[in-house]
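Enquirer: build me a model:
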Amino acid sequence: MSARAVTIAIEGADPVSGLLLAPPKARAAYVFAHGAGAGMSHGFMAAASEGLAERGIATLRYQFPYMERGSKRPDTPAVAHRAVRAATAHAASALPGLPLFAGGKSFGGRMTSQAQAKSPLPGVLGLAFIGFPLHPPKQPADERAAHLLEVSVPLLFLQGTRDEMAELQLLRALIARLGERATQHLLQDANHSFQVPARSGRTAAEVIDELIGTLSVWTDSLLPRKA
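Expert: Have a look, this model is predicted:
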């Protein structure tokens with residue numbers, strides 16, 4: 001199974017590239033945004049998309065405009081939010097009838113949730129964060145998460161226990177404030193990039209398998225029940 005290259009039009013910005021991976025008889029789709037430092041073709045993004053496809057979940061990976069230009073400086077939130085909305089609309093059009101979920105790795109997940117907080121993304125049933133960047137490294141704080149209180153759809157936080165951008169005490173307090181709509185899954189010994197030390201006895205592939213397995217089960221729990 002291979003991803004299909006697509007072009008995504010963005011209001012007020014140049015179009016960006018996307019990769020659509022839709023397995024036969026997919027039951028849901030995940031609009032999957034990349035992190036700040038690596039684009040949609042990064043090995044982690046590809047492995048996660050392929051693993052989700054094996055579990056019957058389609059993905060649309062896409063570039064933010066700055067990454068498409070080859071710049072290292074992330075877009076302003078306003079531009080990033082427009083990209084999120086454009087990618088979500090493209091997924092809905094390309095995969096008609098499939099329940100939609102959205103989110104992404106680090107920066108991509110945060111931009112998705114900010115967009116959702118400002119105005120709900122049409123058709124999106126829940127947001128899944130793969131390493132939510134709660135604060136900069138070694139600067140514990142939770143201001144970056146304030147907008148999540150304005151999000152009403154279910155939220156999944158997939159976080160490594162060694163994540164230097166999400167101090168666990170702060171993350172747990174956030175989950176408590178968000179209440180029943182928030183679900184947390186901690187990946188033991190994983191850092192913000194979901195890498196684990198050799199002493200953990202686990203491989204990177206095993207960590208990704210745990211991550212996408214959890215995302216798949218959570219997604220299934222939110223799918224509309226058939227009559």
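Enquirer: for Y66, see how far away the most centrally placed residue in the chain is.
Expert: The residue lying closest to the centre of the chain (CA atoms, centre = their mean) is G104, at 1.6 Å. Using CB to CB, to the nearest Å, G104 is found at 15 Å from Y66. For every residue, glycine as well, the C-beta is placed using N, CA and C.
Enquirer: repeat that for D189.
Expert: 32 Å.
Enquirer: neighbour count: the two, which is higher?
Expert: Neighbour count, other CB atoms under 10 Å: between D189 and Y66, Y66 has more, with 19 against 16.
Enquirer: just give me the neighbour total for the closest residue to the more buried one other than its chain neighbours.
Expert: Excluding its sequence neighbours, the residue lying closest to Y66 (CB to CB, 6 or more residues apart in numbering) is D75, at 4.8 Å. Neighbourhood size, D75 [other CB under 10 Å]: 20.
Enquirer: same question, E210
Expert: If we define neighbours as other CB under 10 Å, then E210 has 17 of them.
Enquirer: ok, and the closest non-adjacent residue to it?
Expert: Here the residue nearest E210, using CB to CB, 6+ apart, is L187, at 6.0 Å.
Enquirer: show me which positions of stretch 170-190 end up buried.
Expert: Buried residues in stretch 170-190, counted by 16 or more other CB atoms under 10 Å: L171, L174, I175, L178, A182, T183, Q184, L186, L187, D189, A190.
Enquirer: is it possible to export the residues you listed to JSON lines including pLDDT, distance to F32 and secondary structure?
Expert: Listed next are those as JSON lines, based on pLDDT from 0 to 100; distance: CB to CB, whole Å; DSSP: H, G, I helix; E, B strand; the rest coil:
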{"residue": "L171", "pLDDT": "96", "distance to F32": "22", "secondary structure": "helix"}
{"residue": "L174", "pLDDT": "97", "distance to F32": "22", "secondary structure": "helix"}
{"residue": "I175", "pLDDT": "96", "distance to F32": "22", "secondary structure": "helix"}
{"residue": "L178", "pLDDT": "97", "distance to F32": "22", "secondary structure": "helix"}
{"residue": "A182", "pLDDT": "98", "distance to F32": "20", "secondary structure": "strand"}
{"residue": "T183", "pLDDT": "97", "distance to F32": "18", "secondary structure": "strand"}
{"residue": "Q184", "pLDDT": "97", "distance to F32": "20", "secondary structure": "strand"}
{"residue": "L186", "pLDDT": "97", "distance to F32": "21", "secondary structure": "strand"}
{"residue": "L187", "pLDDT": "96", "distance to F32": "18", "secondary structure": "strand"}
{"residue": "D189", "pLDDT": "95", "distance to F32": "24", "secondary structure": "coil"}
{"residue": "A190", "pLDDT": "96", "distance to F32": "18", "secondary structure": "coil"}
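Enquirer: where's stretch 78-97 relative to the chain centroid, distance-wise?
Expert: In this view, stretch 78-97 has its centroid 13 Å away from the chain centroid, taken as CA atoms, centre = their mean, to the nearest Å.
Enquirer: same question but for stretch 214-222, I mixed them up
Expert: 13 Å.
Enquirer: paired strands for the strand ranked longest in the chain, with orientation please.
Expert: The strand spanning the most residues in the chain, taking DSSP state E as the definition, is strand 13-21. According to DSSP bridges, strand 13-21 forms sheet pairs with strand 4-10 (antiparallel), strand 57-62 (antiparallel).
Enquirer: please consider this matter closed, and thank you.
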